[in-house]
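S.K.: Provide a 3D model corresponding to the input given below.
(one chain, ligands or ions: 2)
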Amino acid sequence: MTDPVRPLLTGEDARGRLLSAVDAPLPVEEIPVGDALGRILSEPIVSTLDLPPWDNSAMDGYAVHAEDTAGASPEHPVRLQVVGEVRAGGSADVTIPAGCAVRIATGAPVPSSADAIVPVESTLEARQTAADATAEPDGPPATRAESFRPGETLAESCLVAVAAAPNDHIRHRGEDVRAGASLLGAGMALGPAQIALAAGVGLAGVPVYRRPIVGVLSTGDELRHSDGVVGRRGIPDANRPGVLAACRAAGVEAVDLGIAGDSLDSIMAALRPAVDRVDALIVSGGVSVGPYDVVRNAFGVLGSVDLWRIAIQPGKPFAFGRSAPRDRDGRRVLLFGLPGNPVSTLVTFELFVRPVLQRLGGRRSVAPLTDRAVTAETLRSSRGRRGFVRVKVEQSEDGSPRRDERGRLRVSLAGGQGSHVLSSMALADGLAIVPEESRRVDPGAEVEVMWLGR
Ligand code: AMP
Ligand code: MG
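M.R.: Ligands and ions are numbered 1, 2, ... in the order given. Reported below is the predicted structural model:
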């Protein structure tokens, strides 16, 4: 256990030590692609297909022999006889004789005898007969077709107004993805585009890490269920719903362990049965230096306290430990003791718990999203501790962050900065970082801001 008179651990050291306490990610499972949002790949995704799987048309238009369109212009269009049609999902098994074309849809397979696509936008209105075209040589030029009309029947011919070159508007087999190519790396989070890609290369399932399961407990004799009777001595438990939500937002499965009182027995009664079915335990409250702050004792009973107290504000009393190896699988359960003040709870979750849980879940990138900003107001913190000040980011009309000519955000205080002041936490867009060596950052100065909820 850290001796309180020794210098406090810096946030960076604590983070490094916490991340290295995760020795191996959780086991792997195969799940349907459609269920994989937010899950973490455990192996690279390797395509079994070429994508596109065959040459197909990038445009609605005509499949042609490029050489048949040589010299075509709006003034001197080239007429091609239309000998058939290939629809999306249809067969490309048509032969195109010289001087002929086949109507083709976007995504339809390109007949092997064609070497280019003329988009409909490069043809002239072709429904008129050859007779019309020759009967009025001085009449108004035929108009450029902009699209096929829905349900339009196949014209006998088309008038190509722009010469095509070989390969024009053909999407070649394997141009996007080659069969056997490794597409997405292990440790990557699956978002909509990654899911679309996995499905697009024909995968039904993806290998992912099991999601961490985390038990969440609040401690404090004063705590009441927020929907119950609070009375004159109680306060509603804000941390448990907050931490459960923070876990879920981080892609973790969270289990509600309820509220324990300020005694070792009460806390052990909640933690002991949970140790066997979770990967981590998050306990808020009771981690400071008071006579009833017994959470560290509980961690000591389960295993060890590896780290306590960090040079940050808010959140200094943060504690971390690990259980003894479990009989079942030899794994150690991660034990997080978060300070009970609700802002300290959420800030230390963001700084130290989220990255560790995500790393446990196999995620490679766990760094917070940060930005440069200019502060409009004085930001204060204690010297010797890194301050995390709740700030609002100035927004444009549409809610997007406003940036100055150097790309910097502009921030102002989100409200009071006491570690019990939840209202400012709920309004904050981010945490402005006041370095250890300063006690204040003056208006107009630049600060780093860590985004919340991104
Ligand atoms: P502790 O860390 O137990 O010393 O608690 C510090 C402060 O946070 C005290 O004012 C507690 O009443 C308050 N607190 C602790 N746990 C919670 C909770 N779950 N919800 C709201 N406030 C809490
Ligand atoms: Mg307490």
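
S.K.: what's the closest non-adjacent residue to residue 239?
M.R.: residue 284 (4.1 Å; Cβ to Cβ, 6 or more residues apart in numbering). C-beta here means a position set from N, CA and C on the backbone, and glycine is covered the same way.

S.K.: my guess is that neighbour contacts residue 339, does it?
M.R.: Yes - counting by Cβ atoms under 8 Å, residue 339 is a contact partner of residue 284 at 7.4 Å.

S.K.: Regarding residue 270, what is its secondary structure?
M.R.: Recorded secondary structure, residue 270: helix (DSSP: H, G, I helix; E, B strand; the rest coil).

S.K.: Now for the residue nearest to it when sequence neighbours are not counted: which residues touch it?
M.R.: Nearest non-adjacent residue to residue 270, counting by Cβ to Cβ, 6+ apart: residue 260, 4.6 Å away. Listed by Cβ atoms under 8 Å, 6 or more residues apart in numbering, the contact partners of residue 260 are 217-219, 266-267, 269-270.

S.K.: give me that answer again for 10 Å
M.R.: Going by Cβ atoms under 10 Å, 6 or more residues apart in numbering, residue 260 touches 217-221, 223, 266-271, 283, 285-286, 294-295, 298.

S.K.: tell me which strands and helices the stretch of helix or strand residue 337 belongs to is in contact with?
M.R.: Element membership for residue 337 (DSSP states H and E) is strand 334-338. On a contact count with 3 or more Cβ pairs under 10 Å, 6 or more residues apart in numbering; DSSP states H and E, strand 334-338 meets strand 213-219, helix 239-249, strand 280-284, helix 295-302, strand 303-308, strand 319-323, helix 342-348, helix 354-360.

S.K.: One more pass at 7 Å, please.
M.R.: Strand 334-338 sits against strand 280-284, helix 295-302, strand 319-323, helix 342-348, with contacts defined as 3 or more Cβ pairs under 7 Å, 6 or more residues apart in numbering; DSSP states H and E.

S.K.: Look up how far residue 51 lies from the residue positioned nearest the centre of the chain.
M.R.: In the chain, the residue lying closest to the centroid (Cα atoms, centre = their mean) is residue 191, at 5.5 Å. Residue 191 is 19 Å from residue 51, where distance means Cβ to Cβ, to the nearest Å.

S.K.: now swap in residue 176 and tell me
M.R.: 4 Å.

S.K.: Looking at the two, which is more packed in?
M.R.: residue 51 (19 against 15; other Cβ atoms under 10 Å).

S.K.: Could I get the contacting residues of the more buried one?
M.R.: Residue 51 makes contact with 176-177, 200-201, according to Cβ atoms under 7 Å, 6 or more residues apart in numbering.

S.K.: Mark which of those are buried, thanks.
M.R.: 177, 200-201 (16 or more other Cβ atoms under 10 Å).

S.K.: could you say which helix or strand contains residue 19?
M.R.: Applying DSSP H and E, one finds residue 19 within helix 11-20.

S.K.: likewise residue 197?
M.R.: Per DSSP H and E: residue 197 is located in helix 192-200.

S.K.: Could you list the residues in contact with that helix?
M.R.: 33, 36-37, 45, 51, 183-184, 188, 206.

S.K.: How about stretch 412-429?
M.R.: Contacts of stretch 412-429 (Cβ under 7 Å, 6+ apart): 238, 314, 341-344, 346, 376-377, 389-393, 451-452.

S.K.: Next: stretch 220-235.
M.R.: 236-237, 241, 259, 261-262, 285-286, 340.

S.K.: need the contact list for residue 354.
M.R.: Applying Cβ under 7 Å, 6+ apart, the residues near residue 354 are residue 250.

S.K.: Ok, residue 158 next?
M.R.: 62, 80, 82, 101, 123, 126.

S.K.: closest to ligand 2 among those residues?
M.R.: residue 62 (76.7 Å; Cβ to the ion).

S.K.: What sits closest to the residue of the stretch 251-400 of the chain at minimum distance from ligand 2 if chain neighbours are left out?
M.R.: Residue of the stretch 251-400 of the chain nearest ligand 2, by Cβ to the ion: residue 285 (4.2 Å). Leaving aside its chain neighbours, residue 285 sits nearest to residue 340 (3.2 Å; criterion: Cβ to Cβ, 6+ apart).

S.K.: Is it correct that the one you found is in contact with residue 290?
M.R.: No - look at residue 340 against residue 290 with Cβ atoms under 7 Å: they stay out of range, at 10.2 Å.

S.K.: Checking the residue nearest to residue 285 next. Helix, strand or coil?
M.R.: Residue 340 ends up coil, using three-state DSSP.

S.K.: give me every residue that touches residue 95.
M.R.: If you count contacts by Cβ under 7 Å, 6+ apart, residue 95 has them with residue 113.

S.K.: how close does it sit to residue 189?
M.R.: 49 Å.

S.K.: just residue 44 next, same as before
M.R.: In terms of Cβ to Cβ, residue 44 sits 14 Å off from residue 189.
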